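Novice: Sequence first, then the predicted structure:
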Amino acid sequence: MDPHAALSEIAGLLERERSSRYKSRAFRVAADAVAGLTDAQLDDVAVLRRTKGIGESTLAVIVQARAGVVPDYLADLRTRAGVEQDSRLRGLLRGDLHAHSDWSDGLTSPALMAAGARELGHEYLALTDHSPRLRVAHGLSADRLRAQRDVVGGLGTDAFTMLWGIEVDILDDGELDQDAELLAQLDVVVASVHSKLRMDADAMTRRMVAAVAGGRVDVLGHVTGRLVEGARGMRPPSVFDAAAVFDACAAHGVAVEINSRPERQDPPEELIAIALAAGCLFSIDSDAHAPGQLSLLDHGARRAEDAGIPADRIVTTWSLPRLKEWIAGRRPRGA
C-alpha cells in the first residue's frame, strides 16, 4: 500500500469523525513528509525517524504500508467508519455550497479542500469562510476576502469549479457582516446566525426575515444553531417563528440548508416539514472544516430523503450552469 495514500486516508477518516484537529493534522504533515522520499528512504526506518513530521504512530503506518498490508491504524478507522446506508439522493448531489479552509477556522488549505471535493466527484464546491465579526474563527476582512478570490480562481479544472463564497454572520438587526458591494460580487452567500442564539423569539424572527428579504443571501445556514452531540456539547435550538422565516425564504428564493454535520442535524425534522410545505428550495451542505468532512453529505442526503424532499428542489443536485442561473436571476450581482 502506498504510504502517502494510507496517511492521507487516515487523516480524512479522522476528520470525518471530527477527531482532534491536531491528530488529523499530524497525519497530513506526515503524508507531506513522505511525498518526496525515495523507495529506499521509505524502507529505511532510521531515515524515517530523522524525517521531520514523522512520529511513532505515522512511522508504524509507513512501515506496514511498505510491507504490503493495510496498516492497523487505518483498518481500525475503516471499521469505525462503517458502511453508510445507500441513499439514492446522495448519488444525485453534484456539489456543496458550504465549506471552510484555514483562511478562517478550517484545518487545511483551499487547495486541499478542492482536491477532496474532486476525489468525491463533485462538480463544484463553494469556499465559504467566515466573516469579520466571528473573530474566534478568524473571520475574513473585506481585504482578505478579496485576496481569496484569486486563490479560489486558480483551483478549477475542466471538470471542477471552486466557487468564491462566504458564510456571513447575520447581525442582531438582520444586516450582514460584510460590505454589500463585495457580497454582490461573490458566487455564493451563505448567511447564518452565530451570536445571541437565545434571543427572544420575536426578535430572532425579525432578524432572520430581514436577512432573507435583503436580496443578498443565497442559502440560510444551520437555521437553529443547535448541537445534539459531540465534543462541543449540547446546545438547544434558537426559537423563532419558523413559518414566517420559511415563507420569507420561499418568497425571496433563498435555499434552506440541510446541514450535514451529525452534531447539528439542522434543521430538525419538524422544521424541514414546515419549510417543505412553504415551498422552499434546499441546499444539502457539508459545512466541512477539513477534506475528510466533505463526505458528511451522506448524512444530509439521508435526512433529506427521509423527509421526502424532491431532488429537484435541492439546489446542490443542479448542474453548475443551472445553479449559476438561479443565483444570477434572483439577486443583482457586481462585476
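Specialist: Sure, I can see it.

Novice: Only alpha carbons, please: show stretch 75-91 as CSV.
Specialist: Output in CSV follows, covering the C-alpha atoms of stretch 75-91 (Å, rounded to 0.1, in the frame of the first residue of the first chain):
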residue,chain,number,x,y,z
ALA,A,75,-8.0,-0.8,9.3
ASP,A,76,-9.4,0.3,12.7
LEU,A,77,-10.7,3.6,11.3
ARG,A,78,-12.3,2.0,8.4
THR,A,79,-14.2,-0.4,10.7
ARG,A,80,-15.3,2.5,12.9
ALA,A,81,-16.5,4.5,9.9
GLY,A,82,-18.7,1.6,8.9
VAL,A,83,-20.8,1.5,5.7
GLU,A,84,-23.3,4.2,5.1
GLN,A,85,-26.8,3.2,4.1
ASP,A,86,-27.3,3.6,0.4
SER,A,87,-29.0,6.8,-0.5
ARG,A,88,-30.4,7.5,-3.9
LEU,A,89,-30.3,11.2,-3.2
ARG,A,90,-26.6,11.2,-2.3
GLY,A,91,-25.8,9.9,-5.8
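
Novice: Which positions in that stretch come out as buried?
Specialist: Using 16 or more other C-beta atoms under 10 Å as the test for burial, stretch 75-91 gives 77, 87, 89-90. C-beta: built from backbone N, CA, C; applies to glycine.

Novice: Next: stretch 187-205.
Specialist: Buried, per 16+ other C-beta under 10 Å, within stretch 187-205: 187-194, 199, 204-205.

Novice: circling back to that earlier point, pick out the most distant pair among the buried residues of stretch 75-91.
Specialist: Maximum pairwise distance in these, criterion C-beta to C-beta, is 25.9 Å, between Leu77 and Leu89.

Novice: circling back to that earlier point, between the buried residues of stretch 75-91, which is nearest Val47?
Specialist: Using C-beta to C-beta, those come closest to Val47 at Leu77, 26.3 Å.

Novice: looking at this, the closest one is in a strand?
Specialist: No. Under DSSP: H, G, I helix; E, B strand; the rest coil, Leu77 sits outside any strand and is assigned helix.

Novice: Identify the residue spatially nearest to it, adjacent ones excluded.
Specialist: Nearest residue to Leu77, sequence neighbours excluded (C-beta to C-beta, 6 or more residues apart in numbering): Leu13, at 4.2 Å.

Novice: Tell me, what's the model's pLDDT at that neighbour?
Specialist: Looking at Leu13, its pLDDT stands at 94.
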